[in-house]
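> any chance you could fold what I've pasted below:
(one chain, ligands or ions: 1)
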Amino acid sequence: MTLPIPASGGDLPTRWLVTGAGGMLARDLVSLLERQGAAVTAVSRADLDITDAGATAAVVREARPAVVVNCAAWTAVDLAESSETEALAVNGAGAGNVAAACAAAGARMVQVSTDYVFDGTARAPYSETAPTGPVSAYGRTKLAGEQAVARLLPGRSWIVRTAWLYGPHGGNFVATMLRLAAGSGEVTVVNDQHGQPTSTVTVAGLITELAAREAPAGTYHATCSGQATWFGLAREVFALAGADPARVTPIPSTSMSRPAPRPAYSVLGHDGWARAGLGAPEHWQTALHRDFPAVLAARAS
Ligand SMILES: NC(=O)c1ccc[n+]([C@@H]2O[C@H](COP(=O)([O-])OP(=O)(O)OC[C@H]3O[C@@H](n4cnc5c(N)ncnc54)[C@H](OP(=O)(O)O)[C@@H]3O)[C@@H](O)[C@H]2O)c1
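Sure, this is the predicted structure:
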């Protein structure tokens, strides 16, 4: 199934390099860039391990990209609690290696980050400049990555925080709910975490927009607008799948025992886009209704 091409103003830089290219977001980003006519060097983990500083510098030098998007990351949130050193090597030092390589090669960089850099105690959307305070090992390592990139590539890097991602490639909550919707019986889902379900297609479009419009360096929140709980998202997916949403029942997070604490509230504000003269991200329901068929088709194939 062909994914939509989000509208982008301005001129897209021609040459791009995407790390972690086998991942869920990277696959849709590479696809979008290619459909927009960019020359993309897509390197998966087998091609480039970003914890290898020398190899990272060589790959960036040889590809001569205008923009590098670092999609490579340790994303196993629970496993990071018992493997923080290993997660930090990828999410912190690895991101720093990419930034140093970009500095040497004269490239700009997009560092993909997360809502988990916040502590989740707010009750209004976190602004791009709100104080960080990760409550999990994963969040701490991603924050270290943000800080390394900002230090090594000041004025030439975009920190792009996203959250609650789903898309046609890779395991994600929407795909899991689709599988459960196809079965029968009750499905319990937590109803006390608030965030922004976000399509990989939306994030890919926002990343290309930043570069095409030459947005100022800095931090941007690349999440869909609006907000939901996992329970609310699950019910929406069930309805879209033609299953009875009443099969989804709410439970508190305390009834699920998981190694990594999750922020209770990680809704992100979007003022950065307006400050850069760009439009606000689309609503999560708009994106979900548009991209749901692609997730469904990927599950069926
Ligand atoms: N998924 C979410 O809900 C979510 C939410 C907020 C932020 N994010 C951020 O969004 C970005 C993309 O996430 P995603 O969901 O697309 O993740 P993903 O599907 O797990 O993709 C990450 C990719 O990075 C690769 N990788 C891991 N270690 C590497 C290394 N040392 N060198 C090179 N590549 C390496 C992985 O390869 P292997 O599979 O072979 O390990 C994988 O292909 C990440 O920065 C993540 O932190 C994601």
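> can we go C-alpha only for contacts and neighbour counts from here?
OK.
> who are the neighbours in contact with the residue lying closest to residue 135 once chain neighbours are set aside?
Leaving aside its sequence neighbours, residue 135 sits nearest to residue 119 (C-alpha to C-alpha, 6 or more residues apart in numbering; 5.6 Å). Neighbour list for residue 119: 132, 133, 134, 135, 263, 266 [criterion: C-alpha atoms under 8 Å, 6 or more residues apart in numbering].
> assign a three-state SS to the fifth one, would you?
Using DSSP: H, G, I helix; E, B strand; the rest coil as the criterion, the local structure at residue 263 reads coil.
> now the third one
State at residue 134, reduced to three classes by three-state DSSP: coil.
> before we move on, back to that, next one: the residue nearest to residue 135 from residue 263, what distance?
Per C-alpha to C-alpha, to the nearest Å, residue 119 is found 6 Å from residue 263.
> report the buried members of the contacts of residue 119.
Buried subset of those (neighbour count, 16 or more other C-alpha atoms under 10 Å): 132, 134, 135, 263, 266.
> the ligand versus the closest residue to the first one other than its chain neighbours, what's the distance?
Same thing as residue 132. Of all residues not flanking residue 132 in the chain, residue 118 sits nearest, at 4.8 Å (C-alpha to C-alpha, 6+ apart). To the ligand, residue 118 is 12 Å away according to C-alpha to the nearest ligand atom, to the nearest Å.
> just how off-centre is stretch 101-109 within its chain?
Chain-centre distance of stretch 101-109: 21 Å, with C-alpha atoms, centre = their mean, to the nearest Å.
> what sits up against it?
53, 56-58, 60-61, 64-70, 99, 152-153, 156-158.
> just the ones of the residues you listed in helices?
The helices, defined by DSSP state H, take in 53, 56, 57, 58, 60, 61, 99, 152 from the contacts of stretch 101-109.
> pretty sure the second one sits against residue 98.
Read it as residue 56. Yes. Between residue 56 and residue 98 there is a contact at 6.3 Å, judged by C-alpha atoms under 8 Å.
> next, count neighbours for residue 153.
Residue 153: 24 surrounding residues under other C-alpha atoms under 10 Å.
> residues contacting it?
Residue 153 neighbours (C-alpha under 8 Å, 6+ apart): 99, 100, 102, 103.
> likewise for residue 268?
Residue 268 neighbours (C-alpha under 8 Å, 6+ apart): 115, 125, 126, 127, 128, 195, 196, 221, 223.
> just the buried residues of these.
Buried members of those, scored by 16+ other C-alpha under 10 Å, are 115, 125, 126, 127, 128, 195, 196, 221, 223.
> distance of the second one relative to the ligand?
Using C-alpha to the nearest ligand atom, we find residue 125 at a distance of 16 Å from the ligand.
> now do the contacts for that residue.
Listed by C-alpha under 8 Å, 6+ apart, the contact set of residue 125 reads 266, 267, 268, 269.
> check contacts around the second one.
What that stands for is residue 267. So residue 267 contacts 115, 124, 125, 126, 194, 195, 196, 227 (C-alpha under 8 Å, 6+ apart).
> please redo it, this time with the cut-off set to 6 Å
When contacts are counted by C-alpha atoms under 6 Å, 6 or more residues apart in numbering, residue 267 touches 125, 195.
> before we move on, what about residue 276?
Taking C-alpha under 6 Å, 6+ apart, one finds residue 215 in contact with residue 276.
> and it, how far is that from the ligand?
22 Å.
> what of residue 216?
Distance, residue 216 to the ligand, by C-alpha to the nearest ligand atom: 21 Å.
> same deal with residue 265?
Residue 265 sits 14 Å away from the ligand, going by C-alpha to the nearest ligand atom.
> who in the stretch 1-150 of the chain is up against the ligand?
20-26, 44-45, 48-51, 71-75, 90, 112-114 (C-alpha under 6 Å from any ligand atom).
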